[in-house]
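Colleague: model the structure of this input:
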Amino acid sequence: MSLSFVHLRLHTEYSLVDGLVRLKPLINAVSAAGIPAVAMTDQSNLFALVKFYTLSMETGIKPICGADMWVANEDPALPPTRLLLLVKDATGYRNLTELISRGYQHGQKQGQAIVQRAWVKSAAEGLIVLCGARQGEIGQALMGSNPGDADALLEEWRTVFGDRFYLEVQRTGRTGDEDHLHQAVALAGRSGCALVATNDVMFLEQEEFYAHETRVCIGEGRALDDPRRPKLYSEEQY
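Modeller: Numbering: from 1, shown residues only. So this is what the prediction gives:
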């Protein structure tokens, strides 16, 4: 029996600040690898949805639509955290589009569309949620050595989404990935929450890493050789 990995977190070139994946090469690569499905989860937008859906269906690939969202922290002094929302059905699609619009209309801050936790909860029907790995609020609690807070946050989200909420883990060689992974596995063990592995895909081929770094620098207004530039990505995100 052959096993395949389905990517559930992937930013295309329509994720303007950090994505480099072009849609047609993506679908061709997924088809060639024998992968039955793939998700498109651009940051706070669904610009590529129609083209992605059409190409996927024409090629016999199951399209999974979603968005990588910024969620306001309960403490307004702290930065927002990540949450990945995947569409389960037509109701979920409508809820996600309304949530994204609400983020742009009422939650923009420094160019980011930020949604409130209460908004996400009110739009829960028809959506599947991945916790955002170490960039999500549960991951931040784990990385901050606050397992009690992580347990409480997980229970809070599962009360809303039930078995449609998943703990997300990554192994991309970035600082903190391994520490978070082991703590998330322990949290899954004591809570019974299912784990999902993602690769936080930003580019199609490994050798595109430096082109991706260039795009990020352009978006941030930084120089590629600036030693003070934060290194947020790795060569493994392909």
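
Colleague: output the below-cut-off pLDDT ranges for the chain.
Modeller: Counting by pLDDT under 70, the chain contains low-confidence residues at 1-3.

Colleague: could you pull out the strands in it for me?
Modeller: For the chain, the strands defined by DSSP state E cover 37-40, 62-71, 81-87, 108-109, 112-115, 127-130, 165-169, 195-197.

Colleague: helices or strands next to the longest one in the packing?
Modeller: Read that as strand 62-71. Applying 3 or more C-beta pairs under 8 Å, 6 or more residues apart in numbering; DSSP states H and E, we find strand 62-71 packed against strand 37-40, helix 49-59, strand 81-87, helix 90-106, strand 112-115, helix 117-122. Bear in mind the C-beta positions are built from the backbone N, C-alpha and C, glycine included.

Colleague: between that strand and helix 49-59, how big is the angle?
Modeller: 150 degrees (axes from the mean of the first three to the mean of the last three C-alpha atoms, to 10 degrees).

Colleague: in strand 62-71, what's buried?
Modeller: Of the residues in strand 62-71, 63-71 count as buried by neighbour count, 16 or more other C-beta atoms under 10 Å.

Colleague: cool, and stretch 119-132?
Modeller: 119-120, 123-124, 126-132.

Colleague: what do you get for stretch 142-151?
Modeller: Within stretch 142-151, judged by 16+ other C-beta under 10 Å, the buried ones are 142, 150-151.

Colleague: could you save those as a markdown table and add columns showing distance to Lys24?
Modeller: Formatted as a markdown table, the buried residues of stretch 142-151 follow (distance: C-beta to C-beta, whole Å):
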| residue | distance to Lys24 |
| --- | --- |
| Leu142 | 38 |
| Ala150 | 40 |
| Asp151 | 44 |
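
Colleague: find the nearest non-adjacent residue to Gly103, please.
Modeller: In space, and not counting its chain neighbours, Gly103 is closest to Ala113: 3.5 Å by C-beta to C-beta, 6 or more residues apart in numbering.

Colleague: and Gly107, what does it touch?
Modeller: For Gly107, the contact set (C-beta atoms under 8 Å, 6 or more residues apart in numbering) comprises 72, 113-116.

Colleague: excluding chain neighbours, what is closest to Phe52?
Modeller: Met40 (4.7 Å).

Colleague: swap in Gln170?
Modeller: Per C-beta to C-beta, 6+ apart, closest to Gln170 is Ala133, 4.8 Å.

Colleague: next, count neighbours for the one you found.
Modeller: 28 (other C-beta atoms under 10 Å).

Colleague: same deal with Asp179?
Modeller: There are 12 residues near Asp179, going by other C-beta under 10 Å.
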